[in-house]
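*Asks:* below are the sequence and a predicted model; questions follow.
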Amino acid sequence: MIPELGHYALVLALALALIQSWSPAMGARKGDLALMKLADSTALAQFAFVAVAFAALTYCYVTSDFSVANVYENSHSQMPLIYKFTSVWGNHEGSMLLWVLILALFGALVAWFGVNLPATLKANVLAVQSWVASAFYLFILLTSNPFRRLAELPAEGRDLNPILQDFGLAVHPPMLYLGYVGFSMAFSFAVAALIEGHIDAAWARWVRPWTLLAWICLTLGIAMGSYWAYYELGWGGWWFWDPVENASLMPWLAGTALLHSAVVMEKRNSLKVWTILLAILTFSLSLIGTFLVRSGVLTSVHTFSNDPARGLFILVILMVFIGGSLALFAWRAPRLKQGGLFAPISRESALVFNNLFLATACATVFVGTLYPLLLEALTGDKISVGPPFFNLTFGPLFVPLLVAVPFGPLLAWKRGDLYGVAQRLLVACAVAMLGLATTFAFEGTKAVLAPFGIGLAFFVMAGAITDMVERIDLRSLSIETIGRRAAGLPRSAWGTTVAHFALGVTLLGIVCGTTWSSERIVALKPTQTVSLSGYDLSFDGMVTKEGSNYRETAAHFTVRTGGTVIGVMEPSKRVFPSRDGMSTTEAALLTRGVSQLYLSLGDSNADGSIALRLYYKPFVLLIWLGAVVMALGGALSLSDRRLRIGAPRPAARVMPQPAE
Amino acid sequence: MIWCVRLVLVVLALLGANPLHAVQVDEILPNPVLEARAREISHELRCMVCQNQSIDDSEAPLARDLRLLVRERLKAGDSDNQVLDYMVARYGEFVLLKPRLSWHTAILWGAPLAILLAGLFAIGFSVLRRPAGSPLAEAGALSETERQKLSAIARSPSEQQFTARET
């Protein structure tokens, strides 16, 4: 009964979405307020029905209702409760249901919170949102129905893929989808603006919080995915330039560019056409990401998605929405009036520079990801584009961007003084040089790029706080003044500082983690010891444990440094009988500050020894810590008063400050 | 999204009789210089039955064979490039994670620079297209009245303490 209820709720959501696709757009055209208002109710009801469908599927999972094919294939009655919840989206059908749930959530949020939006803009936004939603409801109902029943009731489920039985599954996909789908808001606003044929600074004011929210979630989602891959896959890598990862990186790069160009639009009423285009492209890349992962195009060697109809369906959705919106853009964009001129050296130009490099980096990832597919389709030649290619092309594109990061916020709008800014950045420069020189002194010519990487990271960090240090008058050394000024500054300015600083932190983590990571591959017998980077790990013996739905063999290690015990590490292997003895390796991590010892278990040998991989990864946690702080910076920006209120008031133009 | 990769990885791990580990103890060459070169080369070679994994990271039996092959070639005195050539001759261009520059990869390698230049060109074009006589074009010089106004402002003591800056 419950699965049918969920199925029915989803059909009703589709019906509502179809109504919402038409009525508000018509209303906006005819100036019929009643038709426009209808969208508010349908958007809220749509969310309610999708939530019912999602709750129904969750109920089936929690109660282990194996008569539902989806539950049978991805669950097990003995699985811990948390994984019964997370396995709802640990499969194709369920994850698409999560996709539309989030889409409907955003629609409902616009209906609920968009009180200040002009009626026609709101109506058009909700209509566009519903076009996307209708397409994906249809996709689920026609090709990926999660509520399909089995004719015969199986006694036990086939269990969730062991590698997905991890806390990461609880965080990574929902965050990633919040990001992907969140960009649909920017898309809907952009298309609505094109339909209306006009756009102003207030538009950017409304779009920014949505973009920012999506960006925060995507940042956290990617970071979580990266950390998950790091500890789960067992060889200590954290980014593999895998097509699936690239699929999430592309919307992030485009979304980051969009955040910055929307600032120019909001403050200076400039870059309108580009911002609209970027909003369309960002969501298009999210759709392409969904297509690449869901269609099986990328995994053609090992057909993971076994239904080509799904791929074809998504491809049609893709062509309709991307092609349609770009055609609309080509048709209507020339009507948009350009405003706010600026000099070649100005904050605006700095943000254009940011957009140029982010867009190029994004395009490079795009070409690198799709080129092998295209080449094979056209000529039959098979080539691989892997990490060495991306490191070689993506890296150099990011360096100028990173160098420019501290300059941007220091330049004045309209016309900036590059020389003056350079002078203000002297301290940051000195810090960078110090970092470079220190690294060079220690490393010499062993790692050529490392000193420059460290220097750049220090420059980004010190440069990010330069402006704030000056503005809160840190040199005055009066706590009261500092506190008063810090509180008086807009939160969005703090957001910029924090996010840019965090970028430097991530860079520092990347440089240190890749340059000074050390590795030992050994075979050890019990009571033997292995040493790496000043840590001694002695192998005490094997321990066997029974998990709820797996058997675990763990190796027990005592970790000492200079003779003192600092902890134990238990890397293990888990065997899942429910999945025909499929096994996973669980690496053991020992955190020392922001560095980590990483120990992963290999095979047992005939002589009683066991194969091990031991890594010492200095400062590696900074990579993800930086990403989390970056997201915090975004959240700080999001809490800015002008975004909270969201009303289209002119921004405070002038803020008097004592001369220096 | 990344969980799909993991699914594939698991499937691949199952293809082998028993799950293997990436670089194993018995593969390591006694000569550390050669071993370092072998690792370096391994990062550039693709495990062909895996999805986008280098043979250095892969647990598949084929990757192990390739790793051993790389080490054999190195022991035989091949240079890094000779090893890569040997692998390409045996397994085709597909084995290289960093495709070589040739006619059919020209677009791939040229793309980043071409896109950057196209972007620069587009920016330059949009600047040039700005209507002549726009405020900015003439903003370089101040008119006589503006200059007088400015000096009047500069003389006023209350204004002198402040410099306007936008947030």
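*Replies:* That came in fine, so what should we check first?

*Asks:* ok, whatever residue of chain B ends up closest to chain A - contacts?
*Replies:* Per C-beta to the nearest C-beta, residue B:97 is where chain B lies closest to chain A, at 2.9 Å. C-beta coordinates here come from the backbone N, C-alpha and C atoms, glycine included. Contact analysis of residue B:97 by C-beta atoms under 8 Å, 6 or more residues apart in numbering or on different chains lists A:384-389, B:43-46, B:54.

*Asks:* show me which of those residues is closest to residue A:76.
*Replies:* Residue A:76 lies nearest to residue B:54 out of these, by C-beta to C-beta, at 33.7 Å.

*Asks:* other SSEs contacting the strand or helix carrying residue A:457?
*Replies:* Assigned by DSSP states H and E, residue A:457 falls within helix A:450-471. Packed against helix A:450-471 by the contact rule (3 or more C-beta pairs under 8 Å, 6 or more residues apart in numbering or on different chains; DSSP states H and E) you find helix A:387-404, helix A:407-410, helix A:418-424, helix A:426-443, helix A:491-515.

*Asks:* state the mean pLDDT of it.
*Replies:* Helix A:450-471 carries an average pLDDT of 90.

*Asks:* report the angle between it and helix A:491-515.
*Replies:* On the basis of axes from the mean of the first three to the mean of the last three C-alpha atoms, to 10 degrees, helix A:450-471 is oriented at 160 degrees to helix A:491-515.

*Asks:* where does whatever residue of chain A ends up closest to chain B land on pLDDT?
*Replies:* Residue nearest to chain B within chain A: residue A:386 (2.9 Å; C-beta to the nearest C-beta). Each residue has a pLDDT score; the one for residue A:386 is 88.

*Asks:* wait, it touches residue A:241, no?
*Replies:* Yes - between residue A:386 and residue A:241 a contact is recorded at 6.3 Å, counting by C-beta atoms under 8 Å.

*Asks:* re the thing from before, can I get the helices and strands packed on helix A:450-471 in a markdown table including mean neighbour count and distance to residue A:585?
*Replies:* A markdown table is the format used below for these (neighbours: other C-beta atoms under 10 Å in any protein chain shown; distance: least, C-beta to C-beta, whole Å):
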| stretch | mean neighbour count | distance to residue A:585 |
| --- | --- | --- |
| helix A:387-404 | 17 | 22 |
| helix A:407-410 | 20 | 44 |
| helix A:418-424 | 14 | 50 |
| helix A:426-443 | 16 | 33 |
| helix A:491-515 | 22 | 21 |
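
*Asks:* now distance to residue A:564 too, for the ones you listed, in a markdown table please.
*Replies:* Formatted as a markdown table, the helices and strands packed on helix A:450-471 follow (distance: least, C-beta to C-beta, whole Å):
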| stretch | distance to residue A:564 |
| --- | --- |
| helix A:387-404 | 38 |
| helix A:407-410 | 46 |
| helix A:418-424 | 47 |
| helix A:426-443 | 26 |
| helix A:491-515 | 25 |
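
*Asks:* longest helix of chain B?
*Replies:* helix B:106-128 (DSSP state H).

*Asks:* now do the contacts for residue A:393.
*Replies:* Counting by C-beta under 8 Å, 6+ apart, the residues that residue A:393 touches are A:364, A:368, B:109, B:112.

*Asks:* domain parsing for chain B?
*Replies:* Chain B is divided into the following domains under automatic domain parsing: B:2-95, B:103-160.

*Asks:* what's the most buried one of these?
*Replies:* The highest mean neighbour count among these, using mean count of other C-beta atoms under 10 Å in any protein chain shown, belongs to domain B:2-95: a mean of 18.

*Asks:* gap between that domain and the chain center?
*Replies:* Here domain B:2-95 shows a centroid-to-chain-centroid distance of 21 Å under the convention C-alpha atoms, centre = their mean, to the nearest Å.

*Asks:* now stretch A:440-457
*Replies:* Centroid separation between stretch A:440-457 and its chain, computed with C-alpha atoms, centre = their mean, is 30 Å.

*Asks:* repeat for stretch A:128-145
*Replies:* That offset, for stretch A:128-145, works out to 23 Å (C-alpha atoms, centre = their mean).

*Asks:* list the buried residues in it.
*Replies:* The neighbour-count check on stretch A:128-145 (16 or more other C-beta atoms under 10 Å in any protein chain shown) flags A:128-137, A:139-140, A:143-145 as buried.

*Asks:* can you tell me which of those are in helices?
*Replies:* If you go by DSSP H, the buried residues of stretch A:128-145 have A:128-137, A:139-140, A:143 in helices.

*Asks:* in JSON lines: these, plus distance to chain B and pLDDT.
*Replies:* Output for those, formatted as JSON lines (distance: C-beta to the nearest C-beta, whole Å; pLDDT from 0 to 100):
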{"residue": "A:128", "distance to chain B": "25", "pLDDT": "95"}
{"residue": "A:129", "distance to chain B": "22", "pLDDT": "94"}
{"residue": "A:130", "distance to chain B": "25", "pLDDT": "95"}
{"residue": "A:131", "distance to chain B": "24", "pLDDT": "95"}
{"residue": "A:132", "distance to chain B": "19", "pLDDT": "94"}
{"residue": "A:133", "distance to chain B": "20", "pLDDT": "95"}
{"residue": "A:134", "distance to chain B": "23", "pLDDT": "96"}
{"residue": "A:135", "distance to chain B": "20", "pLDDT": "94"}
{"residue": "A:136", "distance to chain B": "16", "pLDDT": "94"}
{"residue": "A:137", "distance to chain B": "21", "pLDDT": "95"}
{"residue": "A:139", "distance to chain B": "17", "pLDDT": "93"}
{"residue": "A:140", "distance to chain B": "18", "pLDDT": "93"}
{"residue": "A:143", "distance to chain B": "17", "pLDDT": "89"}
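
*Asks:* closest to residue A:18 out of those residues?
*Replies:* Of all these, residue A:18 sits closest to residue A:134, with 5.7 Å by C-beta to C-beta.

*Asks:* so what's the closest one up against?
*Replies:* Shown in contact with residue A:134 (C-beta under 8 Å, 6+ apart): A:14, A:17-18, A:21.

*Asks:* using TSV, lay out those residues together with neighbour count.
*Replies:* Converted to TSV, the contacts of residue A:134 look like this (neighbours: other C-beta atoms under 10 Å in any protein chain shown):
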residue	neighbour count
A:14	22
A:17	28
A:18	17
A:21	22
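
*Asks:* point out where chain A drops to low pLDDT.
*Replies:* Applying pLDDT under 70 to chain A flags the ranges A:234, A:295-307, A:473-477, A:641-660.

*Asks:* mind checking the SS state of residue A:280?
*Replies:* At residue A:280 the chain is in helix, as set by DSSP: H, G, I helix; E, B strand; the rest coil.

*Asks:* the closest residue to it other than its chain neighbours and residue A:283: what is the separation?
*Replies:* Nearest residue to residue A:280, sequence neighbours excluded (C-beta to C-beta, 6 or more residues apart in numbering or on different chains): residue A:325, at 4.8 Å. For residue A:325, the distance to residue A:283 equals 8 Å [C-beta to C-beta, to the nearest Å].

*Asks:* give me the common contacts of these two.
*Replies:* Common contacts of residue A:325 and residue A:283 (C-beta under 8 Å, 6+ apart): residue A:187.

*Asks:* please identify which of those two sits among more neighbours.
*Replies:* The neighbour comparison of residue A:325 against residue A:283 (other C-beta atoms under 10 Å in any protein chain shown) goes to residue A:283, with 30 against 24.

*Asks:* looks to me like the more buried one is in a helix.
*Replies:* Yes - counting by three-state DSSP, residue A:283 is found in a helix.

*Asks:* hang on, the earlier thing: downstream of the helix or strand hosting the residue nearest to residue A:280, the next helix or strand is which one?
*Replies:* Assigning secondary structure by DSSP H and E places residue A:325 in helix A:324-332. For helix A:324-332, the following helix or strand on the C-terminal side (DSSP H and E) is helix A:347-379.

*Asks:* that following helix and chain B in contact?
*Replies:* Yes - on the criterion C-beta under 8 Å from any C-beta of the partner chain, helix A:347-379 is in touch with chain B at A:352, A:356-357, A:359-360, A:363-364, A:367-368, A:371, A:375, A:379.
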